[in-house]
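**Q** here are the coordinates; sequence isn't available:
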């Protein structure tokens, strides 16, 4: 993507969701996913590929 108005719009949209103050909002989702992933790995380690998809 060339630098220009479109690039600036995309950058602004990404910044709105991923700036340092906003990233904390994602921690509960990341924590829940991590717990489910680890529980699944402990229960069925042979399904590691499927769990990571």
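**A** Sure thing, it's come through. Computed from a predicted structure; not experimentally measured.
**Q** mind checking the backbone torsions on residue 3?
**A** Per-residue torsions, residue 3: phi -70, psi 130 (degrees, to the nearest 10).
**Q** mind listing what it touches?
**A** When contacts are counted by Cβ atoms under 8 Å, 6 or more residues apart in numbering, residue 3 touches no other residue. The way it works is simple: take the backbone N, C-alpha and C, and place the C-beta from them, glycine included.
**Q** from residue 9, how far off is it?
**A** Distance of residue 3 to residue 9, computed by Cβ to Cβ, to the nearest Å: 12 Å.
**Q** and for residue 40, the neighbour number?
**A** If you count neighbours by other Cβ atoms under 10 Å, residue 40 ends up with 15.
**Q** equivalent analysis for residue 41, please.
**A** 14.
**Q** correct me, but it touches residue 52?
**A** No. The pair residue 41 / residue 52 is not scored as a contact, 9.1 Å apart, by Cβ atoms under 8 Å.
**Q** quick check: residue 49 vs residue 41, distance?
**A** Distance from residue 49 to residue 41, by Cβ to Cβ: 11 Å.
**Q** per-residue pLDDT, residue 31?
**A** Looking at residue 31, its pLDDT is 96.
**Q** contacts for whichever strand or helix holds it next, please.
**A** According to DSSP states H and E, residue 31 maps onto helix 27-43. Here helix 27-43 makes contact (Cβ under 8 Å, 6+ apart) with 47-48, 51-52.
**Q** any idea which of those is least confident?
**A** residue 51 (79).
**Q** nearest residue to that one in space, please, no chain neighbours.
**A** Sequence neighbours aside, residue 40 is the residue nearest to residue 51 in space, at 4.8 Å (criterion: Cβ to Cβ, 6 or more residues apart in numbering).
**Q** now swap in residue 7 and tell me
**A** residue 1 (5.3 Å).
**Q** state the distance from the one you found to residue 30.
**A** As for residue 1, its distance to residue 30 is 28 Å (criterion: Cβ to Cβ).
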